[in-house]
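S.K.: show me the folded form of this:
(one chain, ligands or ions: 2)
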Amino acid sequence: ITSASSSSSSRKRFKTTNPNKIPSKPKPPSRRSPNNLSSSGGAGAGVGGGEATTYTRLPPRDDSSVDPSLFTVIKLHESIVPVSTPPPPKISSDSAAYQAIAYDDDEEEEEEEVFLDSTFDYQGFVSDDDDEDIEISRSGSKDKVFEEEEEEEEEEEGEVKEKGVPAVMRCFDRAKIYVKAGDGGNGVVAFRREKFVPYGGPSGGDGGKGGDVYVEVDGSMNSLLPFRKNIHFRAGRGSHGQGRKQVGAKGEDVVVKVAPGTVVREALKEGMEGEVLMELMNPGERALLLPGGRGGKGNASFKSGTNKVPKIAENGEEGAEMWLDLELKLVADVGIVGAPNAGKSTLLSAISAAKPTIANYPFTTLLPNLGVVYLDFDATMVVADLPGLLEGAHQGFGLGHEFLRHTERCSVLVHVVDGSSLQPEYEFDAVRLEIELFSPGLVEKPYLVAYNKMDLPEASEKWLRFKEHLETHGIHPFCISAMNRQGTHDVVCAAYELLRKESETNKDMQEWTNPRNLNHVADTIQKQRSASMNDFEIFHDSSTSTWNVVGAGLQRFVQMTNWQYTESLKRFQHVLEACGVNKSLVKRGVKEGDTVVVGEMEMVWHNATEKVRVSKSNTGKQSAGSVRWPQFK
Ligand SMILES: Nc1nc2c(ncn2[C@@H]2O[C@H](COP(=O)(O)OP(=O)(O)OP(=O)(O)O)[C@@H](O)[C@H]2O)c(=O)[nH]1
Ligand SMILES: [Mg+2]
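M.R.: Residues are numbered from 1 along each chain as shown. Ligands and ions are numbered 1, 2, ... in the order given. Prediction:
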């Protein structure tokens, strides 16, 4: 027999996020079919007036070191759509109402009764219930929530500053956000009160389900910019149950909108990369990420043959919460890479309707530009123009090479070489090396080489030498003048041909990976929620005489138990007995007076032969934020 002592104030709140890892299914990047490009990709670009994404601009600079303060002038396509703002967390003003016993009185009888009977003849957890402190404990826990929030934000700020890429760039394609599903509403204890109907019976309704958290692809977004302003997304809490068996309303859902091509990871501490939870590619795709907590049962649900007057109700289940790392990898078919000032943006503007900034200095392009290239009615491809790569980019020179991850989804690369540079061959090799250093997988992608600026004599002079150099390596370069649009069509056709071949090879694999279950995170959480209470482990530290009973099912049960009602203790005691915790503890050698911890509940163990009886005199003061149970020795 055990009797309980308090602990919830000192222990951290139990989180349904669950310490157990959520298994993820990383999906191999699937390429979009060229046919659906016009409706997606955020670029919204198209021939005939369609506009492409253009975000560029850096004033000419002598040195290539990057001062973030200069990046404030950024031109962005207007189409960035703010993500939906989550509804403010609902805090019911009459939060204490459900705690006390509600009556669905019909006109006449207004008298209040309190059913916090502190005496029952049960060997087990007993309460020195002190009704008046419930409010205090409630507000106490609220404060705690806010404190935690502040901590989280501080932690966020600290992590934003990583070296390499200027802050402005990072924020566009990477974000860290917090999501929380709504808690379930609490059930209530109420009794039917009606004139001429004695013993109306229990009528406390169940709490409503908490709101869900969804992640949705918004085709009009082309960056993760909105997450610079808004990083907390909380679904609404379910309403509490009411008298007359009225079930609480469901909490409001929250939808986190992301750009196509966003990779969602579970955020881990200390810069570690979490598992990929999902990759969201196609506009309109929607994933249920975190399901809201279940509503607590009201006393009407506890009615049984043996207990016709249940004075017990459950708390709502806490909604799961987690931090997510979002990363945008552009969804483009072809990526244009090359050294700074080689003419990459010029090439994109020559082959598509995109209007990236073009200027005669390195690092004009700071963020990738997208454009849609139309070869035919049904032959289109999305082309991305990337910032320039320098030798040593992997060490952070220039803009670094982080943005190369945008090419990971590209099937084909077009390598633009500046023919007017001193040693085009050397420039070519250096850029290839940087690509390889970023990812060996990237260097294996099919690519073609476009030798640019052929209209300039210094470029055409070196063309033959360059061509020979590459041909010895089995590469056949194209020569173009992007500015005059000469030779660009050949490059486009060749790129499209490579793209077609690639998609044929990948076809089988893509078919195999479809259909994807985007809701697998929510499914895992649901599965964990239905974990049996019989699954638990007992950890014992012999030096401290503390026994930790760990099990998802039991922890959830503790969290949902409203300790205000004394019958809750009975039920808890019964559960511990029924699922074998007591037995296992005895077997492991628990001793009189040892501490047993289950979830956030801490108890003192008492041997079964002793009778425990509580008298009314035990109603002492409670500390804020906890419900204290007396210890009986
Ligand atoms: N003569 C000539 N100049 C060109 C050609 N293509 C590009 N240029 C010029 O080269 C300069 C750089 O062009 P961009 O398209 O901005 O080069 P980029 O590779 O995008 O440069 P970053 O974005 O800074 O990496 C501009 O002044 C262009 O006008 C070409 O075919 N012939
Ligand atoms: Mg450029």
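S.K.: surely Met278 and Val521 touch.
M.R.: Yes: contact criterion Cβ atoms under 8 Å: Met278 and Val521 qualify, at 7.2 Å. The C-beta positions use only the backbone N, C-alpha and C, and glycine is treated the same way.
S.K.: which residue does the stretch 401-550 of the chain have closest to ligand 1?
M.R.: Ligand 1 sits closest to Met483 of the stretch 401-550 of the chain, with a gap of 3.4 Å, by Cβ to the nearest ligand atom.
S.K.: would you map the helices across the stretch 301-450 of the chain?
M.R.: Applying DSSP state H, counting those that start in this stretch to the stretch 301-450 of the chain gives helices spanning 344-351, 424-438, 440-443.
S.K.: please identify the deepest-packed of those helices.
M.R.: helix 344-351 (a mean of 27; mean count of other Cβ atoms under 10 Å).
S.K.: who touches that one?
M.R.: 52, 56, 336-338, 354-358, 364-365, 369, 371, 373, 383, 385-386, 388, 414, 416, 450, 452, 480, 482-483, 485, 488-489, 491-492 (Cβ atoms under 8 Å, 6 or more residues apart in numbering).
S.K.: intersect those residues with the contacts of ligand 2.
M.R.: Applying Cβ under 5 Å from the ion to the contacts of helix 344-351, one finds that 364-365 fall near ligand 2.
S.K.: beta partners of Leu280?
M.R.: For Leu280, the beta-bridge partners are Thr262 (DSSP bridges).
S.K.: next one: it from ligand 1, what distance?
M.R.: According to Cβ to the nearest ligand atom, to the nearest Å, Leu280 stands 28 Å off from ligand 1.
S.K.: export the helices of the stretch 301-450 of the chain as CSV, with columns for mean pLDDT and distance to ligand 2.
M.R.: Listed next are those as CSV, based on pLDDT from 0 to 100; distance: least, Cβ to the ion, whole Å:
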stretch, mean pLDDT, distance to ligand 2
helix 344-351, 92, 3
helix 424-438, 90, 14
helix 440-443, 85, 19
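S.K.: among the contacts of helix 344-351, which ones are in strands?
M.R.: 336-338, 369, 371, 373, 383, 385, 414, 416, 450, 452 (DSSP state E).
S.K.: rebuild the helices of the stretch 301-450 of the chain as TSV, extending it with distance to ligand 1.
M.R.: TSV is the format used below for those (distance: least, Cβ to the nearest ligand atom, whole Å):
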stretch	distance to ligand 1
helix 344-351	3
helix 424-438	11
helix 440-443	18
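S.K.: tabulate the ones you listed in a markdown table, adding columns for distance to Ala313.
M.R.: Formatted as a markdown table, the helices of the stretch 301-450 of the chain follow (distance: least, Cβ to Cβ, whole Å):
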| stretch | distance to Ala313 |
| --- | --- |
| helix 344-351 | 63 |
| helix 424-438 | 58 |
| helix 440-443 | 56 |
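S.K.: of those, which is nearest Glu285?
M.R.: Among the helices of the stretch 301-450 of the chain, the nearest to Glu285 by Cβ to Cβ is helix 440-443 (24.9 Å).
S.K.: which secondary structure elements does the closest one sit against?
M.R.: On a contact count with 3 or more Cβ pairs under 8 Å, 6 or more residues apart in numbering; DSSP states H and E, helix 440-443 meets helix 424-438.
S.K.: residues in contact with the helix it packs on?
M.R.: Helix 424-438 has contacts (Cβ under 8 Å, 6+ apart) with 337-339, 342, 389-394, 401, 404-405, 413, 415, 417-418, 421, 442-443, 449, 451, 459, 462, 465-466, 469-470.
S.K.: just the buried ones from those residues?
M.R.: 337-339, 342, 389-394, 401, 404-405, 413, 415, 417-418, 421, 442, 449, 451, 459, 462, 466, 469-470 (16 or more other Cβ atoms under 10 Å).
S.K.: circling back to that earlier point, Met278 and Val521: who's more crowded?
M.R.: Each of Met278 and Val521 has its neighbours counted (other Cβ atoms under 10 Å); Val521 has more, 27 against 23.
S.K.: A helix includes the more buried one, no?
M.R.: Yes: according to DSSP: H, G, I helix; E, B strand; the rest coil, Val521 belongs to a helix.
S.K.: next, count neighbours for Lys445.
M.R.: Based on other Cβ under 10 Å, the number of other residues close to Lys445 is 17.
S.K.: pretty sure it sits against Leu413.
M.R.: Yes: applying Cβ under 8 Å, one finds Lys445 in contact with Leu413, separated by 5.5 Å.
S.K.: now do the shared contacts for the two.
M.R.: In contact with both Lys445 and Leu413: Thr407, using Cβ under 8 Å, 6+ apart.
S.K.: where in the stretch 401-550 of the chain is pLDDT low?
M.R.: Within the stretch 401-550 of the chain, the segments meeting pLDDT under 70 span 507-516.
S.K.: got the residues of it near ligand 1?
M.R.: Contacts of the stretch 401-550 of the chain with ligand 1, taken as Cβ under 6 Å from any ligand atom, map to 452-453, 455-456, 481-483.
S.K.: of these, select the buried ones using a ChimeraX command.
M.R.: In ChimeraX syntax, the buried subset of those is picked out as below (16+ other Cβ under 10 Å):
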select :452,453,481,482,483
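S.K.: what is the nearest of the residues of the stretch 401-550 of the chain next to ligand 1 to Tyr565?
M.R.: Closest to Tyr565, out of all of these and judged by Cβ to Cβ, is Ala482, at 76.0 Å.
S.K.: show the contacting residues for Tyr447.
M.R.: Taking Cβ under 8 Å, 6+ apart, one finds 412-415 in contact with Tyr447.
S.K.: swap the cut-off to 6 Å and go again
M.R.: Residues near Tyr447 by Cβ atoms under 6 Å, 6 or more residues apart in numbering: 413, 415.
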